[in-house]
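Participant: Sequence unavailable; structure follows:
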Ligand code: TUI
């Protein structure tokens, strides 16, 4: 059921991918997702290579299944993370916040390369450069985002390229999964849903902040820096809005954001820290084991698909 090109490309049972969230997606979460038949992805973010290498080694020790690493292209350590991927023969790489063009040849010697894109133009460029698939990420996502919603972005990219598309942004259950397939995607990537899993090791305050958040409780900060990010509304978000309204320098805004994701995720500072989450956080009411998250999505999608089928008769 729901076997797509994404399943054969990545050697996974279900076309369900866990977003490579910085400071969040560690070896434990990643191994849990891959062991449950999806694809776990370590989030390198801005972390130094020693830290990322430990998580790669942890994932290797906890699963025999395929897992991946996300390279955040704004990181000063991106070159070093590429070297780590090659050293450990990591089988899948996703990239974010830029174009991985200059790393493509090197990465492709060991890994399937799946850039995260937020536009048709970049999706086409990535196909030309040799990408194996792309993640089409809508503005509903948490963290750094583009300008187009998932509903509008996915079918436009599906029509523009031949490689498989994985939809991301605003998906957390079987309805979202099936909707993504209806748009022509061959898999989904979820972040927020996997933060609210038993295996996710983020600070309990972070999970509680997400459980409490309703539909309108996220906001996009840092638009004027050119690197907008969706976070849960809090004191930091208000400070960002105030400074942006006053027209402070990009440097001052970047200074305000620096280290704030780590503070929220690992230290539990959900007031002054950056609580990145997608708009779908309002839908998620429970913390479940990773395996149940994936199984529930597939089961729900089967039922919804049957309901739609009878509606179409
Ligand atoms: O990368 C993400 N999400 C992230 S990265 C991150 S760490 C960070 N923190 C603060 C500021 C910036 C980053 C937190 N969340 N998602 C993938 C993604 N990539 N979303 C959007 C893009 C993107 C945007 C523009 C990719 C390419 C692009 O243009 C590149 C080009 O050359 O056209």
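Facilitator: The structure has been received and is ready for your questions. Treat the numbers as computed from the prediction; the structure is a model and nothing was measured.
Participant: Now find how far off-centre stretch 127-146 is within its chain.
Facilitator: Centroid displacement of stretch 127-146 relative to its chain, using CA atoms, centre = their mean, to the nearest Å, is 9 Å.
Participant: same thing with stretch 296-312?
Facilitator: Averaged C-alpha coordinates place stretch 296-312 at 25 Å from its chain's average position (CA atoms, centre = their mean).
Participant: swap in stretch 9-27?
Facilitator: Here stretch 9-27 is found 8 Å from its chain centre; the criterion is CA atoms, centre = their mean.
Participant: is that stretch anywhere near the ligand?
Facilitator: Yes. Interface with the ligand: stretch 9-27 contributes residue 22 (CB under 6 Å from any ligand atom). (C-beta placed from N, C-alpha, C; glycine too.)
Participant: Check which residues of that stretch are buried.
Facilitator: Within stretch 9-27, the residues that qualify as buried are 9-10, 12-27, counting by 16 or more other CB atoms under 10 Å.
Participant: now stretch 171-186
Facilitator: In stretch 171-186, counting by 16+ other CB under 10 Å, buried: 171-174, 176-181, 183-186.
Participant: Tell me the residues of the stretch 51-200 of the chain that contact the ligand?
Facilitator: For the stretch 51-200 of the chain, the contact set with the ligand under CB under 6 Å from any ligand atom comprises 72, 74, 96-99, 116-118, 122, 137, 143-146.
Participant: Can you list the buried residues in stretch 232-244?
Facilitator: Under the neighbour-count criterion of 16+ other CB under 10 Å, stretch 232-244 has 232-234, 236-237, 240, 243-244 buried.
Participant: now these as JSON lines including distance to residue 279 and pLDDT?
Facilitator: Putting the buried residues of stretch 232-244 into JSON lines (distance: CB to CB, whole Å; pLDDT from 0 to 100) gives the following:
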{"residue": "232", "distance to residue 279": "10", "pLDDT": "98"}
{"residue": "233", "distance to residue 279": "12", "pLDDT": "98"}
{"residue": "234", "distance to residue 279": "16", "pLDDT": "98"}
{"residue": "236", "distance to residue 279": "18", "pLDDT": "97"}
{"residue": "237", "distance to residue 279": "14", "pLDDT": "96"}
{"residue": "240", "distance to residue 279": "18", "pLDDT": "91"}
{"residue": "243", "distance to residue 279": "23", "pLDDT": "92"}
{"residue": "244", "distance to residue 279": "20", "pLDDT": "90"}
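Participant: Now flag whichever of the residues of the stretch 51-200 of the chain next to the ligand is closest to residue 196.
Facilitator: residue 143 (15.6 Å; CB to CB).
Participant: which residues sit in contact with that closest one?
Facilitator: Residue 143 sits next to 21-22, 191, 229-230, 276 when contact means CB atoms under 8 Å, 6 or more residues apart in numbering.
Participant: what does the helix or strand bottoming out on mean pLDDT in the chain contact?
Facilitator: Of all helical and strand segments in the chain, the minimum by mean pLDDT, DSSP states H and E falls on helix 250-257, at a mean of 87. Residues outside helix 250-257 that contact it (CB under 8 Å, 6+ apart) are 221-222, 224-226, 229, 236, 239-240, 243-244, 274.
Participant: swap in stretch 221-229?
Facilitator: For stretch 221-229, contacts defined as CB under 8 Å, 6+ apart pick out 74, 97, 143-145, 220, 230-231, 236-237, 240-241, 244, 247, 250, 253-254, 257, 274, 276.
Participant: Hmm, residue 30 and residue 55 touching each other?
Facilitator: Yes. Contact criterion CB atoms under 8 Å: residue 55 and residue 30 qualify, at 7.5 Å.
Participant: list the residues that contact both of those two?
Facilitator: In contact with both residue 55 and residue 30: residue 42, using CB under 8 Å, 6+ apart.
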